[in-house]
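Asks: with the input below, show me the fold.
(one chain, ligands or ions: 2)
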Amino acid sequence: MENCKYCNSKLEDCIEEGLKCNLCLNNVHIKCLKRGAVPGGFNGDVFYTYTCQECSESKSEVFVRDKLSWLQVIVLVLYHLNTKSSGLARKGFFHWRFHIATFINKNWDILFTKYVKKKKSWTGTVAGTLSHFSTYFFLSGTSVFKEQAWWTLKYPKMSPYLITKIYNSLMTEKSKLKADKQIISDIEIFNKILKNSVINLEMLKPVLLPEADVSANSTEISCDVINILPSTSQIRKNSEEKEKDCNKRKSLLPSFDNKKFLKLSKSSESLADEFTVKCLTQSNTRGEKYLENILKHNRCQEKKEKIRLLDPYCHFNTSLSNISRMKGVSMKQKLLVGLREQFILSPYTGSQLEPYIWRDEESFPLWLKLMVEIQLTVNEKTPNYELPPRGPLVFVRVKPEHIPCINSLCNQFFWPGIDLTESLQYPDFSCVVLYKKLIVAFAFLVPNVSHTESYLSFIFTRPGWRNIGIAKFMLYHLIQINLGKDIILHVSTNNPALMLYQMFGFKIEKVVLGFYDKYYRDDVKECKNAFVCRLER
Ligand SMILES: [Zn+2]
Ligand SMILES: [Zn+2]
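Replies: Ligands and ions are numbered 1, 2, ... in the order given. From the prediction side, this is the model:
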């Protein structure tokens with residue numbers, strides 16, 4: 001019987017799928033289930049052993065999760081994301097870690113049940129499964145993004161149930177042929193099965209790759225820059241056309257020597273104590289991955305430039321000296337200093353970001369008042385002494401040259417081992433405040449820690465620059481940027497910043513005892529317990 005027990009109409013693959021009661025063997029549409037949806041509510045999820053209301057002893061429907069293969073889980077997740085959260089996608093593709101693995105992690109108990117323990121390497125399995133089945137069911141976005149991280153379903157209209165069916169027939173067919181000692185390529189068998197099992201040809205339509213790619217984008221941006229910066233454009237026009245893209249990227253990212261960086265980080269690890277090593281291996285592996293990505297991106301590397309390292313151990317100077325800014329920059333770029341002010345291309349959202357967020361000309365922080373007092377005292381006897389002009393506080397987005405200083409401030413004021421290099425991947429969600437070349441404050445949001453949450457990782461203002469609303473503005477900015485998602489954060493229970501968070505509507509969700517134990521040293525006066533706060537959207 002192929003009709004639904006409740007509404008009596010037919011069950012159809014991909015369109016009106018349902019579950020079969022394991023006792024009376026009647027079919028029931030997902031939409032006709034008495035509870036309205038399967039547990040978890042994922043689109044296309046029919047992978048339950050189901051007992052209908054009439055057959056069950058408790059007189060309510062019973063769902064027992066079938067054992068799912070990794071292929072099924074990933075197909076299910078992609079199908080659900082595609083149909084329910086297509087807004088998350090980048091040109092129709094989902095990031096294997098930020099979208100797929102995060103979703104699995106969050107819904108582990110529903111997908112696998114809580115009796116299945118996570119293996120340490122499970123995220124690796126996600127990546128492996130995606131590429132293993134890329135000939136059949138998954139489509140990689142590598143050619144679109146020049147980065148091996150983005151995936152989507154090859155046939156987005158095929159339901160996870162149908163894909164499972166096709167995969168199972170592929171396996172049976174393969175073993176049959178093996179027994180008959182016939183040699184036919186897997187792809188041939190697959191295509192045959194595909195034709196036989198899919199009635200609606202609409203479903204066989206594969207995804208079309210979006211044509212836009214990185215280089216096309218950057219030429220567009222160059223045009224914008226020319227419009228905005230007429231003085232630069234004069235010189236730029238004269239420069240060789242073919243170097244355009246190359247320079248653009250170089251101005252966004254510093255040049256690295258990957259091997260040297262790794263060597264350096266390794267040797268420094270051996271010097272550090274056990275605790276620091278732990279922190280660093282975490283942050284450095286992320287850094288390494290990031291570097292690899294940059295190197296992949298950096299297609300124009302004919303010119304070998306001087307090495308600039310983003311070294312978490314750069315403690316010597318926390319202000320941006322001109323020399324460190326200019327090191328490793330070609331003569332042409334030195335002449336074109338204006339280029340530094342151009343739009344930033346966000347690797348995360350792919351959008352162009354304006355270089356400035358805000359300029360504050362009025363605030364007069366305590367530190368500057370003190371400086372004025374000192375200058376006046378020192379020059380008391382100078383006739384007609386005039387104070388040097390005071391600069392504005394400039395709010396910008398994070399740039400590569402900020403990272404060593406920010407890392408150093410984090411090491412000094414939070415705990416050792418912090419490396420914020422990763423924030424360059426999503427500059428949209430950052431705010432750095434400069435007074436001339438001094439970094440006086442910064443704040444970072446990690447987007448997509450889950451698909452409904454962002455995480456406020458660090459917010460900091462130098463002492464002497466506090467209480468004039470800098471943190472307030474940075475937080476305001478980040479909340480504005482973070483559309484449609486909750487923001488969560490940890491804050492030490494005796495940190496006065498809690499007041500600020502509450503002012504913005506953050507609510508304390510729970511207390512984590514000893515949260516900062518592994519971070520803060522014992523002599524730090526901050527309380528080691530933390531509140532978890534959430535700003536709901
Ligand atoms: Zn029905
Ligand atoms: Zn039944």
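Asks: any weak-confidence spans in the chain?
Replies: Along the chain, the parts satisfying pLDDT under 70 run over 1, 199-203, 205-342.
Asks: contact residues of it facing ligand 1?
Replies: By C-beta under 5 Å from the ion, the part of the chain that sits against ligand 1 consists of 4, 6-7, 29, 32. (Each C-beta comes from the backbone N, C-alpha and C, glycine too.)
Asks: in the stretch 301-450 of the chain, which spans are helices?
Replies: 322-326, 331-335, 366-378, 403-413 (DSSP state H, counting those that start in this stretch).
Asks: ditto for the stretch 1-150 of the chain
Replies: 70-84, 102-106, 108-112, 122-132, 142-145.
Asks: comparing these, which comes out most buried?
Replies: The highest mean neighbour count among the helices of the stretch 1-150 of the chain, using mean count of other C-beta atoms under 10 Å, belongs to helix 70-84: a mean of 21.
Asks: how big is the angle separating that helix from helix 122-132?
Replies: 80 degrees (axes from the mean of the first three to the mean of the last three C-alpha atoms, to 10 degrees).
Asks: picking up where we left off before, so for residue 110, which of the helices of the stretch 301-450 of the chain sits nearest?
Replies: Of all the helices of the stretch 301-450 of the chain, helix 403-413 sits nearest to residue 110, with 37.0 Å by C-beta to C-beta.
Asks: gap between that closest one and the chain center?
Replies: Taking C-alpha atoms, centre = their mean, to the nearest Å, the mean C-alpha location of helix 403-413 is offset from the chain mean by 22 Å.
Asks: ok, the residues of the chain next to ligand 1 vs residue 410, which is closest?
Replies: Taking C-beta to C-beta as the measure, residue 410 lies nearest residue 29 of those, at 54.4 Å.
Asks: before we move on, the earlier item: the helices of the stretch 301-450 of the chain: which one's closest to residue 174?
Replies: Of all these, helix 403-413 sits nearest to residue 174, with 51.0 Å by C-beta to C-beta.
Asks: what's residue 54 in contact with, if anything?
Replies: residue 24 (C-beta atoms under 8 Å, 6 or more residues apart in numbering).
Asks: rerun at 10 Å
Replies: If you count contacts by C-beta atoms under 10 Å, 6 or more residues apart in numbering, residue 54 has them with 5, 21, 23-24, 26, 34, 61.
Asks: helices or strands up against the longest strand along the chain?
Replies: Ranked by number of residues, the top strand in the chain under DSSP state E is strand 438-450. Packing contacts for strand 438-450, counted by 3 or more C-beta pairs under 10 Å, 6 or more residues apart in numbering; DSSP states H and E, involve helix 102-106, helix 366-378, strand 393-396, helix 403-413, strand 430-435, strand 453-461, helix 470-481, strand 486-492.
Asks: name the stretch among the ones you listed that sits most buried.
Replies: strand 430-435 (a mean of 24).
Asks: quick one: neighbours of the residue of the stretch 301-450 of the chain found nearest ligand 1, just the number.
Replies: Closest to ligand 1 within the stretch 301-450 of the chain is residue 450: 33.4 Å, counting by C-beta to the ion. Per other C-beta atoms under 10 Å, the neighbour tally for residue 450 reads 17.
Asks: residue 188 too?
Replies: If we define neighbours as other C-beta under 10 Å, then residue 188 has 9 of them.
Asks: next: the one 3 residues further on.
Replies: Residues near residue 191, counting by other C-beta under 10 Å, number 13.
Asks: that one: what secondary structure?
Replies: Using DSSP: H, G, I helix; E, B strand; the rest coil, the structure places residue 191 in helix.
Asks: and the protein, what are its domains?
Replies: Following automatic domain parsing, the chain resolves into domains at 18-65, 70-204, 214-484.
Asks: will you turn the ones you listed into TSV that also has distance to ligand 2?
Replies: Output for these, formatted as TSV (distance: least, C-beta to the ion, whole Å):
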stretch	distance to ligand 2
domain 18-65	3
domain 70-204	19
domain 214-484	35
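Asks: nearest to residue 494, out of these?
Replies: Among the domains of the chain, domain 214-484 comes nearest to residue 494, with 15.4 Å by C-beta to C-beta.
Asks: circling back to that earlier point, what two of the contacts of residue 54 are the furthest from one another?
Replies: It's 23 and 34 that sit farthest apart of these, by C-beta to C-beta, at 15.2 Å.
Asks: in the helix or strand harbouring residue 171, which residues are buried?
Replies: Secondary structure assigned from DSSP states H and E places residue 171 in helix 160-179. Residues of helix 160-179 classed as buried by neighbour count (16 or more other C-beta atoms under 10 Å): 160-164, 166-167, 169-170, 173.
Asks: could you dump that helix to CSV, C-alpha only?
Replies: Taking Å, rounded to 0.1, in the frame of the first residue of the first chain, the C-alpha atoms of helix 160-179 are listed here in CSV:
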residue,chain,number,x,y,z
PRO,A,160,18.1,12.4,1.2
TYR,A,161,15.8,9.4,1.0
LEU,A,162,16.2,9.1,-2.7
ILE,A,163,20.0,9.6,-2.5
THR,A,164,20.2,6.8,0.0
LYS,A,165,18.1,4.6,-2.2
ILE,A,166,20.4,5.4,-5.2
TYR,A,167,23.5,4.8,-3.2
ASN,A,168,22.2,1.4,-1.9
SER,A,169,21.4,0.3,-5.4
LEU,A,170,24.8,1.4,-6.6
MET,A,171,26.4,-0.8,-3.9
THR,A,172,24.2,-3.8,-4.7
GLU,A,173,24.8,-3.4,-8.4
LYS,A,174,28.5,-3.1,-7.9
SER,A,175,28.7,-6.3,-5.8
LYS,A,176,26.6,-8.1,-8.4
LEU,A,177,28.9,-7.1,-11.2
LYS,A,178,31.9,-8.1,-9.2
ALA,A,179,30.4,-11.5,-8.7
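Asks: now it against helix 70-84, angle please.
Replies: 150 degrees.
Asks: which secondary structure elements does helix 160-179 contact?
Replies: Partner elements for helix 160-179 (3+ C-beta pairs under 10 Å, 6+ apart): helix 70-84, helix 186-197.
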